[in-house]
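# sequence and predicted structure below; questions after.
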Amino acid sequence: MSQSKPVTIAGWTLSGLFIAFMIFDAGIKLAQLPIVAETNATLGFQANAGLKIGVIEAVCLILYVFPRTAVLGAILMTAVMGGAIATHLRLESPLFSHTLFGVYLGLLLWGGLWLRDERLRTLMPVRRS
């Protein structure tokens, strides 16, 4: 069964927003910009942890981009987002702007994949009562 073109476009649009943000985020970490080391220090990480986090994000993102491995990439990226949420909870960061930012990214991540992958919609249907 084929899905409609607007659903596929909506899925790739949401995924594209997520992918664009993560390219930026992983990119500044891989480039080892000074702001990354400063931010890591304020979050309680070693200043040089940015490179390791950037590599993890990049690998998860590459897996997410390819349809064959997209679900694995989404699962692994969800773990990364969970770590970010836990870090901000521990520091008592502002709820809606910092702590829940990983949730917002997760909605883009999974929402885009759900819309563009009919098999995932079959596996995780929206149920009506």
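That came in fine, so what should we check first?
# which residues does the one helix or strand in the chain whose mean pLDDT sits lowest contact?
Here the helix or strand of the chain ranked lowest by mean pLDDT, DSSP states H and E is helix 118-123, holding a mean of 93. Identification of contacts with helix 118-123 by C-beta atoms under 8 Å, 6 or more residues apart in numbering yields M1, Q3, V71, L113, W114, L115. For the C-beta atoms, the positions are set from N, CA and C on the backbone; glycine is no exception.
# in ChimeraX, how would I select the buried members of these?
Only the buried members of the contacts of helix 118-123 enter the following ChimeraX selection, criterion being 16 or more other C-beta atoms under 10 Å:
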select :71,113,114,115
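# redo the contacts of helix 118-123 as JSON lines? Include distance to F24.
What follows is the contacts of helix 118-123, written out as JSON lines (distance: C-beta to C-beta, whole Å):
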{"residue": "M1", "distance to F24": "36"}
{"residue": "Q3", "distance to F24": "29"}
{"residue": "V71", "distance to F24": "23"}
{"residue": "L113", "distance to F24": "20"}
{"residue": "W114", "distance to F24": "23"}
{"residue": "L115", "distance to F24": "22"}
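# now, which of the contacts of helix 118-123 sits nearest F18?
Checking the contacts of helix 118-123 against F18 by C-beta to C-beta gives L113 as the nearest, at 9.0 Å.
# can you tell me how far M77 sits from W12?
Distance of M77 to W12, given as C-beta to C-beta, to the nearest Å: 17 Å.
# who has more neighbours out of those two?
Between M77 and W12, counting by other C-beta atoms under 10 Å, M77 is the more crowded of the two (24 against 15).
# after the helix or strand hosting G11, next one along is what?
If you go by DSSP states H and E, G11 is part of helix 5-30. Using DSSP H and E, the helix or strand that follows helix 5-30 in sequence is helix 34-42.
# okay, that next one in PDB with CA atoms only?
Extracted in PDB, the C-alpha atoms of helix 34-42 (Å, rounded to 0.1, in the frame of the first residue of the first chain):
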ATOM      1  CA  PRO A  34      35.400  27.100  22.100                       C
ATOM      2  CA  ILE A  35      31.700  27.700  23.000                       C
ATOM      3  CA  VAL A  36      31.300  23.900  23.200                       C
ATOM      4  CA  ALA A  37      34.100  23.500  25.800                       C
ATOM      5  CA  GLU A  38      32.600  26.400  27.800                       C
ATOM      6  CA  THR A  39      29.100  25.000  27.700                       C
ATOM      7  CA  ASN A  40      30.300  21.500  28.600                       C
ATOM      8  CA  ALA A  41      32.100  23.000  31.700                       C
ATOM      9  CA  THR A  42      28.800  24.700  32.800                       C
END
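# fine, thanks again, bye for now.
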